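In: need a 3D model of the following:
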Amino acid sequence: MRLTLYEIETTLCKASTGAGLPLGLGEDIGSAAIWLAGQNCDGVAAALESIQAGMSKVKMSDTGNGVMIFSDACIAVSGPSIVDLLIGDQSCTEIHLCKPDSVMLLFGFAGVVANRYGYLFQFDFSNGANVQVSGDKVVETGEMHDLCSDVVVKSCIDQKGLAVAPMPAAGVDVDDELWCEVLALAAKNCVPESDASRVAGAGAGLTDND
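Out: This next block holds a predicted model:
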């Protein structure tokens, strides 16, 4: 089916909270997904893969030499923190991710920040492949068939300046089965219909604001 970027962003946010994630993370996930859509990447699949894991504790350790290690990284939970550390903590020079569940979603988080602030992110995979994410593109080198392999992430200021990511105004095609899974998670936010719920302002579920 074909969906607008607004539908994708808002529904993924609802699916995130339906899976037990905080609203703020849901909003970040929605933004990352539509940035990926602008790069002809499947942002819905990337987001859903990590959202379905639900809320989890971030397993992070500091080696003391500027390297942070995230073990069993659930990107829906830890992705925004990873990007924030790289651009906001001068003592952090690189981050090692062990068995990340959705590196593609992390590309989306990085792309949103790169688009706003002019950063460039480098992903070096243990299988020898690497990816550069800037504000308007994802550049792959090597075989990207194993996105679950360990990866090292670095960032720097892109000397070319800000690059605006193109957004498909006509929307994007989304796999029907994947979207049904997203809708099922989003529906977990709904409350049973009753006189009490209607008095409290519950909607009919017919619009994005219900």
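In: any idea how far residue 91 lies from residue 64?
Out: Residue 91 is 10 Å from residue 64, where distance means Cβ to Cβ, to the nearest Å. For every residue, glycine as well, the C-beta is placed using N, CA and C.
In: tell me the contacts of the nearest residue to residue 164 once chain neighbours are set aside?
Out: What sits nearest to residue 164 in space, not counting adjacent residues and going by Cβ to Cβ, 6 or more residues apart in numbering, is residue 136, at 6.1 Å. Residue 136 makes contact with 115, 163, 164, 165, 166, according to Cβ atoms under 8 Å, 6 or more residues apart in numbering.
In: put the buried members of those residues into a ChimeraX selection.
Out: Applying 16 or more other Cβ atoms under 10 Å to these, the buried members can be selected in ChimeraX as follows:
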select :115,165
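In: among the contacts of residue 136, which are located in helices?
Out: With DSSP state H as the criterion, helices contain residue 115 from among these.
In: include pLDDT and distance to residue 6 when you put the contacts of residue 136 into CSV, please.
Out: Converted to CSV, the contacts of residue 136 look like this (pLDDT from 0 to 100; distance: Cβ to Cβ, whole Å):
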residue, pLDDT, distance to residue 6
115, 90, 18
163, 69, 23
164, 71, 18
165, 73, 16
166, 75, 16
